[in-house]
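A.B. asks: Sharing a sequence plus its predicted fold:
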There are 2 protein chains.
Amino acid sequence: MDVELSERSRQILEAIVEDYIATAEPVGSSAVARRHALTLSSATVRNVMANLEELGLLTSPHTSAGRIPTEKAYRFYVDSLVALRQVSRDEKRHIISHCRQAGSGLSGILKETSRTLSQLSNYMGIVVAPSFTSDVFRHIEFLRLGQRKILAILVSSKGAVQNRLIETAEDHEPEELVRMGNYLNEMMQGLTITQARERILEEMKNEKTQYDQLMSRALRISEQAVTVEGDEIFVEGQARILDQPEFSDAARMKEIYEAFEQKGIMLQLLSRCMTADGVQIYIGSETSLSRSAGISLVTSRFVTSSNTVGMLGVIGPTRMGYSSVIPIVDYTARMVSRMLSEL
Amino acid sequence: MDVELSERSRQILEAIVEDYIATAEPVGSSAVARRHALTLSSATVRNVMANLEELGLLTSPHTSAGRIPTEKAYRFYVDSLVALRQVSRDEKRHIISHCRQAGSGLSGILKETSRTLSQLSNYMGIVVAPSFTSDVFRHIEFLRLGQRKILAILVSSKGAVQNRLIETAEDHEPEELVRMGNYLNEMMQGLTITQARERILEEMKNEKTQYDQLMSRALRISEQAVTVEGDEIFVEGQARILDQPEFSDAARMKEIYEAFEQKGIMLQLLSRCMTADGVQIYIGSETSLSRSAGISLVTSRFVTSSNTVGMLGVIGPTRMGYSSVIPIVDYTARMVSRMLSEL
DNA sequence: AATAGCACTCGTCACCTTTGAGTGCTAACA
DNA sequence: TGTTAGCACTCAAAGGTGACGAGTGCTATT
């Protein structure tokens, strides 16, 4: 941060940000003076506030209203002011029990996690499943569903399953499909899905296999099977965002919902979060979500035993209760990481 | 319907409903007189409207506004007034190409269908997948993922896949799992998933199998595997509903969104739609969705080759463009039925 | 450097009037 | 008898006015 502030200015900025987070209304100089019992008069606070405004940390919606924090102020706040709350015993229990109860497979756990995040934060919870492609290959299988229709089932070592309907040029006997499966299973043992795909493409060029009809067919089919579709995303608690006063306006909300229906945007965010460790925070325009919408994002990645990475977090207004959301996201990411590594 | 109306009254009611659908504003007597060029004066129309109000087909929000249709009027309108539009060539192409392009399996098609419904109607599209339970069993398989952790994969003859992580009391060798799979596959050949489940429970009581360790273990595990979770539901175009003026109010929308997050409610609706053939229409309180929200639902079921049934439709305001939505839903249901029976 | 005082700004609220779309009723008309 | 013209009435929406007060910036004072 390029701002240098006296201790007093910092305290006042903190007071303003926290007041505004609590009330969603512009905060005036006297409110700050009163609240903090700082033995400072409102006039003094006014001077400081004028100063902070000049630094681009505050703005006033109009002359005679109080002031509200800018994005820059939130950034400064989360970087160096915020006092993180502890995750309470109750919240911990809530996280652990809910995520575990889901039980049925990876998707179930992640979906429940996203709901939990939403409940505890009172904002929107989001979870992006670990990319299948970096998972280790476990098993592939082909089932004949009808004339020239094959169902390919691909399983990763973490229990994620992807299935794909494939139409083939010729009809295949069930026994043929079993043999194909055996051949491919052996070939791709121990590789990640990405590596497996590369291996298949490589093998397709190989002369030896080109002249073995069974193999070349198997490769052609499996190439489709291992082409993975978009990652799974779980978003829960969309209704909660309507509780926030700044989104009671319909036009504004529409922007947000539309952003979510194009899940592609989510994936952009995802990829940024993936690289860094710990809790990442994106404030307002930093999210590059919808220009003017005043959305913030608190995320953390989670990892599994095999080092594949997913992302979870909370989406809410810029005016978000960072002091409690950050620890919740952090804790949840740790718990999910632990639970998944048990698989 | 218990209302009997003269031809003229019907025309006027139709005019009012259609005007209101188009504008979302109370329609007055002069507007009707003008619009229809009925060679009727506004005064006459007023008399008729007063009559219609007495019959419970119209209400006025206040003395000096126009009148708006009641639920009863919409009911009457869709039952005997509405002139259904043809599905245009463009729309047909849109439906066919989009649904087909999805390609990858049942889920993909249905998701794309729901998006298409939303795009063409400009309301919300919803698709409920055919209930897995009435599908014919095709294949079951167990994969060992780790110590006492088994992934069960259940496939129906239509290519729907369900997988479930099962924790077992003892550890099982891969070969043992293969044998279990063979045994169960043979046992459940040709049954529906529901029947298969019953068969398993039956077999568990059977003395002969109780003393065969392999079998009894297989049964215990598979019992979990065939216990199906909630049906899959695809809802798309939630943002579109914000375009409707009657939902620009945040509190109202919140109701709706919350209704959708508890997908259970959807399933109630579903089960009603399942029984009847053709397009079903639920207006306002008939949906039993959220009391006061003024939501309507136009649905149709679709069927697959094996006679399992799913539901698709459009959700929008009571003030919905029925004349175009009904044909779209009808046509889409037919197309989806045809596409699925090709599988 | 901190504060008290003061003039000034500007949004909010309560109250009012005006406007006009729409109604119901009645009397005249075909 | 059904239709229409006319008229008084109603009521929401829109616009205008002025008091109010929260909040500011500036300046003189401590």
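C.D. replies: Alright, I've got the coordinates.

A.B. asks: Buried residues of the longest helix belonging to chain A, list them for me.
C.D. replies: Identified as the longest helix of chain A according to DSSP state H is helix A:322-342. Within helix A:322-342, the residues scored as buried using 16 or more other CB atoms under 10 Å in any protein chain shown are A:322-333, A:335-337, A:339-340. (Glycine included, C-beta is placed from N, CA and C.)

A.B. asks: now for that helix, which elements pack on it?
C.D. replies: For helix A:322-342, the packing partners by 3 or more CB pairs under 8 Å, 6 or more residues apart in numbering or on different chains; DSSP states H and E come out as helix A:89-101, helix A:105-121, strand A:279-283, strand A:295-303, strand A:309-317.

A.B. asks: any idea what sits nearest the residue of the stretch 201-343 of chain A found nearest DNA strand C, other than its immediate chain neighbours?
C.D. replies: Relative to DNA strand C, the nearest point of the stretch 201-343 of chain A is residue A:245 (12.5 Å; CB to the nearest atom of the strand). Spatially, and ignoring its direct neighbours in sequence, residue A:245 is nearest to residue A:24 (4.9 Å; CB to CB, 6 or more residues apart in numbering or on different chains).

A.B. asks: do residue A:59 as well
C.D. replies: Spatially, and ignoring its direct neighbours in sequence, residue A:59 is nearest to residue A:70 (5.7 Å; CB to CB, 6+ apart).

A.B. asks: ok, how many other residues are close to that neighbour?
C.D. replies: Residue A:70: 19 surrounding residues under other CB atoms under 10 Å in any protein chain shown.

A.B. asks: State the distance from it to DNA strand D.
C.D. replies: As defined by CB to the nearest atom of the strand, to the nearest Å, residue A:70 lies at a distance of 14 Å from DNA strand D.

A.B. asks: Can you give me every residue that contacts that residue?
C.D. replies: Contacts for residue A:70 (CB atoms under 8 Å, 6 or more residues apart in numbering or on different chains) come out as A:56-59.

A.B. asks: Now pLDDT and secondary structure too, for those, in CSV please.
C.D. replies: Listed next are the contacts of residue A:70 as CSV, based on pLDDT from 0 to 100; DSSP: H, G, I helix; E, B strand; the rest coil:
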residue, pLDDT, secondary structure
A:56, 91, coil
A:57, 93, coil
A:58, 93, strand
A:59, 92, strand
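
A.B. asks: List only buried entries from those.
C.D. replies: A:57-58.

A.B. asks: burial measure for residue A:168, as a count.
C.D. replies: Neighbours of residue A:168 under the rule other CB under 10 Å: 16.

A.B. asks: The residue in chain A that DNA strand D sits nearest to and chain B: what is the separation?
C.D. replies: Residue nearest to DNA strand D within chain A (CB to the nearest atom of the strand): residue A:28, separated by 2.7 Å. Distance from residue A:28 to chain B, counting by CB to the nearest CB, to the nearest Å: 27 Å.

A.B. asks: what about that residue, neighbour count?
C.D. replies: Using other CB under 10 Å as the criterion, the residues surrounding residue A:28 number 20.

A.B. asks: Phi first, then psi, for the closest residue to it other than its chain neighbours.
C.D. replies: In space, and not counting its chain neighbours, residue A:28 is closest to residue A:66: 3.7 Å by CB to CB, 6+ apart. In terms of degrees, to the nearest 10, the main-chain angles of residue A:66 are phi -70, psi -160.

A.B. asks: if I pick residue A:66, what's in contact with it?
C.D. replies: A:25-29, A:31, A:60.

A.B. asks: Let's see that with 7 Å instead.
C.D. replies: Shown in contact with residue A:66 (CB atoms under 7 Å, 6 or more residues apart in numbering or on different chains): A:26-28, A:31.

A.B. asks: And for residue A:166?
C.D. replies: Applying CB under 7 Å, 6+ apart to residue A:166 gives the contacts A:150, A:152, A:221, A:224-225.

A.B. asks: just for the stretch 1-150 of chain A, where's the confidence low?
C.D. replies: A:1-4, A:37-38, A:101-104 (pLDDT under 70).

A.B. asks: one more time with 90, if that's ok
C.D. replies: Counting by pLDDT under 90, the stretch 1-150 of chain A contains low-confidence residues at A:1-8, A:11, A:23-24, A:30-44, A:61-66, A:80, A:96-111, A:128-136, A:141, A:143-150.

A.B. asks: which residues does the nearest residue to residue A:115 once chain neighbours are set aside bridge with?
C.D. replies: Closest residue in space to residue A:115, ignoring its immediate chain neighbours: residue A:236 at 4.3 Å, by CB to CB, 6+ apart. Taking DSSP bridges as the rule, residue A:236 bridges to residue A:125.

A.B. asks: Would you mark the buried spots in stretch A:298-309?
C.D. replies: Applying a neighbour-count criterion of 16+ other CB under 10 Å, one finds A:298-304, A:306, A:308-309 buried in stretch A:298-309.

A.B. asks: about what we covered before: now do the phi/psi pair for the residue nearest to residue A:245.
C.D. replies: Per degrees, to the nearest 10, the backbone of residue A:24 is at phi 60, psi 20.

A.B. asks: residues touching it, list them.
C.D. replies: A:245-246, A:319.

A.B. asks: Show the pLDDT at residue A:288.
C.D. replies: We have a pLDDT of 71 for residue A:288.

A.B. asks: so how far is residue A:124 from it?
C.D. replies: 17 Å (CB to CB, to the nearest Å).

A.B. asks: Which one's more surrounded, these two?
C.D. replies: Each of residue A:288 and residue A:124 has its neighbours counted (other CB under 10 Å); residue A:124 has more, 23 against 12.
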